[in-house]
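Asks: Sequence first, then the predicted structure:
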Amino acid sequence: MTRRELFTTIPALLLHRNTNRRPLICMFSKHLQQYDYDRVGKLCKELGFDGVDLTVRPGGHVLPENVERDLPTAVAAIRNHGLSVPMITTGLTSPDDPALVPTFSTAARLKIPLYKPGYWRYRTGVLATLQTVKQQLRKMVDIASHYGLVAGFHNHSGDYVGMAVWDIHEIIRDMDPRWIGYYFDPCHAVAEGGRFGWKAALDLASERLKIVAVKDFYWARTQKGWQMQMCPLGEGMVDWDYFFDRLARIGFTGPISLHLEYEPNDELAAIAKDVDFLHRQVQRAYKL
């Protein structure tokens with residue numbers, strides 16, 4: 001990307017935000033991996049989505065090594081059905097990844113404003129791990145900011161860095177909030193935060209919330225002990241009324257990415273049911 005392209009791209013990206021009064025309901029393309037780009041766009045339009053959260057990572061819809069060729073093709077096919085691509089989900093965790101600059105520059109040219117980095121794991125003790133992640137992420141965010149791209153740090157339960165949302169706070173607190181914030185997942189927050197901890201986590205994330213992921217679960221006793229059992233939205237432990245009321249109160253209008261982590265008999269029917277649930281929650285909370 002030339003200097004001229006850079007300085008014309010950033011203002012365009014900053015303007016290319018959702019100007020609606022409500023969030024953009026998007027489908028995480030991971031769950032439509034068997035379909036080509038055009039079919040993804042057609043299905044998501046028919047199912048009632050506003051956009052697509054497109055995977056740009058190993059095994060994803062767009063492979064990192066082919067991003068300059070395939071991402072424009074994928075985005076054009078999806079937009080051809082009247083949908084937006086407000087974000088991409090990547091596996092990027094190092095500023096030295098050879099796919100990093102091609103991914104950022106291509107996304108910028110396509111006016112995709114948001115991206116999710118990959119995951120780090122707790123390896124060498126919590127504090128040492130947080131310091132390492134902070135150093136790597138800061139460099140990534142600095143590079144992405146030159147292309148006008150904003151990062152959302154996802155809280156994922158288990159041994160993933162950020163499963164405790166206050167660890168994300170510790171990592172990003174000194175970084176420019178224009179270029180990085182939270183990709184908040186209430187399902188994983190409830191799994192790690194219990195009855196009230198997840199609400200404290202949501203309060204913390206609200207000040208710089210960029211993206212939301214939605215899925216639901218309940219605890220089930222199995223032969224391996226208590227496990228997270230994923231389920232349709234509204235049938236698990238997430239208090240969706242509380243969550244969407246909070247989104248409306250802070251005026252969140254970013255992407256909401258639907259994740260279908262359970263295994264229904266009819267996948268498309270399950271997606272349709274979940275997206276209808278989301279539309280009803282948004283209409284209720286945002287008083288549309």
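Replies: That came through, no problem.
Asks: Would you map the helices across the stretch 101-250 of the chain?
Replies: Using DSSP state H, counting those that start in this stretch, the helices found in the stretch 101-250 of the chain span residues 126-145, 165-172, 186-206, 240-250.
Asks: out of those, nearest to residue 284?
Replies: helix 240-250 (7.1 Å; Cβ to Cβ). C-betas here are computed from N, CA, C, even on glycine.
Asks: Kindly calculate the angle that that closest one makes with helix 186-206.
Replies: If you take axes from the mean of the first three to the mean of the last three Cα atoms, to 10 degrees, helix 240-250 sits at 30 degrees to helix 186-206.
Asks: packing partners for helix 240-250?
Replies: helix 186-206, helix 267-285 (3 or more Cβ pairs under 8 Å, 6 or more residues apart in numbering; DSSP states H and E).
Asks: Most tightly packed of those?
Replies: Each of those was scored by mean neighbour count; the highest is helix 186-206, a mean of 19, by mean count of other Cβ atoms under 10 Å.
Asks: for the record, mean pLDDT for that helix?
Replies: What helix 186-206 shows for mean pLDDT is 96.
Asks: Would you mind pulling up the elements that it packs against?
Replies: helix 165-172, strand 180-184, strand 209-214, strand 216-222, helix 240-250.
Asks: a markdown table please, covering the ones you listed and showing mean neighbour count and distance to residue 85.
Replies: Output for the helices and strands packed on helix 186-206, formatted as a markdown table (neighbours: other Cβ atoms under 10 Å; distance: least, Cβ to Cβ, whole Å):
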| stretch | mean neighbour count | distance to residue 85 |
| --- | --- | --- |
| helix 165-172 | 21 | 24 |
| strand 180-184 | 26 | 16 |
| strand 209-214 | 24 | 13 |
| strand 216-222 | 14 | 25 |
| helix 240-250 | 17 | 21 |
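Asks: Can you say which of these is nearest to residue 118?
Replies: strand 180-184 (11.9 Å).
Asks: contacting residues around the closest one?
Replies: Strand 180-184 is contacted from outside by 116, 137, 141, 150-155, 165, 168, 172, 201-202, 205, 208-213, using Cβ atoms under 8 Å, 6 or more residues apart in numbering.
Asks: now stretch 133-141
Replies: By Cβ under 8 Å, 6+ apart, stretch 133-141 touches 92-95, 100, 117, 120, 151, 153, 161, 170-172, 175-176, 179-180.
Asks: Pull out the buried residues from it.
Replies: By neighbour count on 16 or more other Cβ atoms under 10 Å, the buried set for stretch 133-141 is 133, 134, 136, 137, 138, 140, 141.
Asks: In JSON lines: these, plus pLDDT.
Replies: Formatted as JSON lines, the buried residues of stretch 133-141 follow (pLDDT from 0 to 100):
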{"residue": "133", "pLDDT": "98"}
{"residue": "134", "pLDDT": "98"}
{"residue": "136", "pLDDT": "98"}
{"residue": "137", "pLDDT": "99"}
{"residue": "138", "pLDDT": "99"}
{"residue": "140", "pLDDT": "99"}
{"residue": "141", "pLDDT": "99"}
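Asks: Which pair in those has the greatest spatial separation?
Replies: Top of the distance list for these (Cβ to Cβ): 133 and 141, 11.7 Å.
Asks: and residue 230, what is it in contact with?
Replies: Contacts of residue 230 (Cβ under 8 Å, 6+ apart): 215, 216, 217, 236, 261, 262.
Asks: Identify the residues contacting the fourth one.
Replies: This means residue 236. 187, 216, 217, 218, 229, 230.
Asks: Most widely separated two among the residues you listed?
Replies: 187 and 229, at 11.4 Å, using Cβ to Cβ across those.
Asks: shared neighbours of these two, anything?
Replies: Counting by Cβ under 8 Å, 6+ apart, the residues touching both residue 187 and residue 229 are 217, 236.
Asks: Can you list the low-confidence ranges for the stretch 1-150 of the chain?
Replies: 1-19 (pLDDT under 70).
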